[in-house]
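Undergrad: got a predicted structure here, sequence first:
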Amino acid sequence: MRRRTLFAATSVLVARPALAQTWPTQPIRLVVPYAAGGPTDVAARLLAEALSSSLSQRVVVENRTGAGTLVGTGAVANGPRDGHTFLVGTVAHVVNPVLVANLAFDPVADFRGVALMGTVPQVVLVNRDLPVRNLPELLALFRGRPGGFAYGSAGNGSAQHLAAELLKRQAALDVVHVPYRGAAPAVADMLAGQIAMVVDSAATAIPMARSGQARALAVTGPTRLLQLPEVPTVAETLPGYEAYTWNALLARAGTPPEAIARMNGAMNAVIARSEFRARLEELGVTVVPDSTPASVDAFLRTEADKWQRLLRDAGVKAN
C-alpha cells in the first residue's frame, strides 16, 4: 500500500515538471463568445497570431456564440482542463449570475485567471442634432425631461449597458434603457435620432466622432483618449466615475497551474512587444502589462462585486 501511494505521489511530481517542459502538446484554442469581426474577436485574433509565432503549437480562435456569452463560456466551463482551451472574457462575463436564473457555472469560482490583455474605455456618444455640446449639458437635458429620453445598448449586462447605468446612478438620471441585439443596431438608431445616446466601445466610437457622424461628449475610462484628446472623461464631471470593458484570458478551474503559468508568461511576452501594443492601442485597448494569474483572479472578484451590485440596484432581473 505504501509503495502504491509513494508511486502515485512520485508520478504526480514527475508529471508536473514534464507538463511545464512540454506544454503545449497540441493546438491551443481561444474561445471567443462573440461573433467574428467585433472588437473582442479582433483583439483575440491579434493575440492568437502573436502567440502562434512564439509557441511550439498553433493558437486558433474559435467563435462560440449564442445566448449572450453563455454558449462560449459554458463550452470552456465544461471543457477539458488540459491547458489548451481558454476563454477570452470581457466585463459581460462577471454579470451573468444577475441576468440568468440557475446559471450552470460560476464566472468567478469556475474559472482561473491567466492574463489580462487590457482595458477598453468607452465613449458617450449622442446624435449630432441633440442640442448639447458637452456632458454637463446632456445631464441637464436629461434632468429637464425625466423619462423623456432613451439610450441604447448591446443588451442587458453588456459593457454599454453597465457604463450607462453607472452614469444614470451617479448623475441621478431617469433615462429609458433600450436593449438591442448588439451594439451596431443601437448605434444605427442613435445616428438616426431614434434614441439620444449610446456608450460605445472606443474602437468604433473614435471614427464616428472624428468624422462628425456623432458627437463624443465624454470618455468612460480614467484618462482621456490619445485619439480624442479634446474629449474629457466622465469623471471630470462626475468624480469617481469609471467604467470600461476588458479582455482577459481565462481557464477552466482545475487547469494545471503550470500550463496557466506558461500561458501567462507567453502572453506577457507578447504584450511587451511594441508593435503588438501599438496594434491593440489602435483598437482602443489600454494594455495592462505583467498581469499574473492571482491578479486576474482578484480583478474578476472586484469586477463581479461592482457590476452585479449595480445591476441589482437598477432592478435588472434574471431571465
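TA: On my side now, so go ahead. Numbers count the residues shown, from 1 in each chain.
Undergrad: okay, now the unreliable bits of the protein?
TA: 1-21, 318-319 (pLDDT under 70).
Undergrad: mind checking the SS state of residue 223?
TA: Secondary structure of residue 223, reduced to three states by DSSP: H, G, I helix; E, B strand; the rest coil: coil.
Undergrad: would you agree it is in contact with residue 234?
TA: No: using CB atoms under 8 Å, residue 223 is not in contact with residue 234; the gap is 11.5 Å. Heads up, the C-betas are built off the backbone N, CA and C, glycines and all.
Undergrad: so between those two, which is more surrounded?
TA: Between residue 223 and residue 234, counting by other CB atoms under 10 Å, residue 234 is the more crowded of the two (28 against 10).
Undergrad: quick one: that one from residue 185, how far?
TA: Counting by CB to CB, to the nearest Å, the gap between residue 234 and residue 185 amounts to 24 Å.
Undergrad: what's the answer for residue 258, then?
TA: When distance is defined by CB to CB, residue 258 is 44 Å away from residue 185.
Undergrad: which stretches of this protein form helices?
TA: The residue ranges that make up the helices of the chain, judged by DSSP state H, are 2-22, 39-52, 70-77, 96-99, 135-144, 159-171, 183-191, 202-211, 257-271, 274-282, 293-313.
Undergrad: got the domain ranges for the protein?
TA: With domains defined by automatic domain parsing, the chain comprises 25-119+245-313, 121-236.
Undergrad: need the distance between the two termini of the first one.
TA: Using CA to CA, to the nearest Å, the end-to-end distance of domain 25-119+245-313 comes to 46 Å.
Undergrad: circling back: ok, residue 258 and residue 185, which is more surrounded?
TA: Taking residue 258 and residue 185 together and counting by other CB under 10 Å, residue 258 has the greater number of neighbours (17 against 14).
Undergrad: any idea how far the more buried one is from residue 76?
TA: As judged by CB to CB, residue 258 and residue 76 stand 19 Å apart.
Undergrad: then residue 234?
TA: For residue 234, the distance to residue 76 equals 33 Å [CB to CB].
Undergrad: can you check residue 248 too?
TA: From residue 248 across to residue 76, the span is 12 Å (CB to CB).
Undergrad: now swap in residue 98 and tell me
TA: With distances defined as CB to CB, the gap from residue 98 to residue 76 amounts to 20 Å.
Undergrad: higher neighbour count, those two?
TA: Each of residue 98 and residue 76 has its neighbours counted (other CB under 10 Å); residue 76 has more, 26 against 21.
Undergrad: doesn't residue 89 make contact with the more buried one?
TA: No: counting by CB under 8 Å, no contact exists between residue 76 and residue 89, whose distance comes to 9.0 Å.
Undergrad: name the residues contacting each of these two.
TA: For the pair residue 76 and residue 89, residues contacting each of them under the criterion CB atoms under 8 Å, 6 or more residues apart in numbering are 111, 250.
Undergrad: ok so, going back, looking at the helices of the chain, which one is packed in the most?
TA: Highest mean neighbour count among those (mean count of other CB atoms under 10 Å): helix 159-171, with a mean of 23.
Undergrad: helices or strands next to that one in the packing?
TA: The helices and strands touching helix 159-171, judged by 3 or more CB pairs under 8 Å, 6 or more residues apart in numbering; DSSP states H and E, are strand 111-127, strand 150-153, strand 176-179, strand 197-201, strand 244-252, helix 293-313.
Undergrad: at 10 Å instead, please
TA: strand 111-127, helix 135-144, strand 150-153, strand 176-179, helix 183-191, strand 197-201, strand 244-252, helix 293-313 (3 or more CB pairs under 10 Å, 6 or more residues apart in numbering; DSSP states H and E).
Undergrad: out of these, which is closest to residue 103?
TA: Each of these was scored for nearness to residue 103 using CB to CB, and the closest is helix 293-313 (11.8 Å).
Undergrad: next, the angle from that closest one to helix 257-271.
TA: In this structure, helix 293-313 runs at an angle of 90 degrees to helix 257-271, with axes from the mean of the first three to the mean of the last three CA atoms, to 10 degrees as the basis.
Undergrad: now do helix 293-313: which elements does it pack against?
TA: For helix 293-313, the helices and strands in contact under the criterion 3+ CB pairs under 10 Å, 6+ apart are strand 85-89, helix 96-99, strand 111-127, helix 159-171, strand 244-252, helix 257-271.
Undergrad: what's residue 271 in contact with, if anything?
TA: Taking CB atoms under 10 Å, 6 or more residues apart in numbering, we find residue 271 in contact with 47, 50, 115-118, 277, 280, 287-291.
Undergrad: cool, and residue 290?
TA: Contacts of residue 290 were listed using CB under 10 Å, 6+ apart, and they are 115, 116, 264, 268, 271, 272.
Undergrad: most widely separated two among those?
TA: Taking CB to CB as the measure, those reach their widest spread between 116 and 272, a distance of 13.6 Å.
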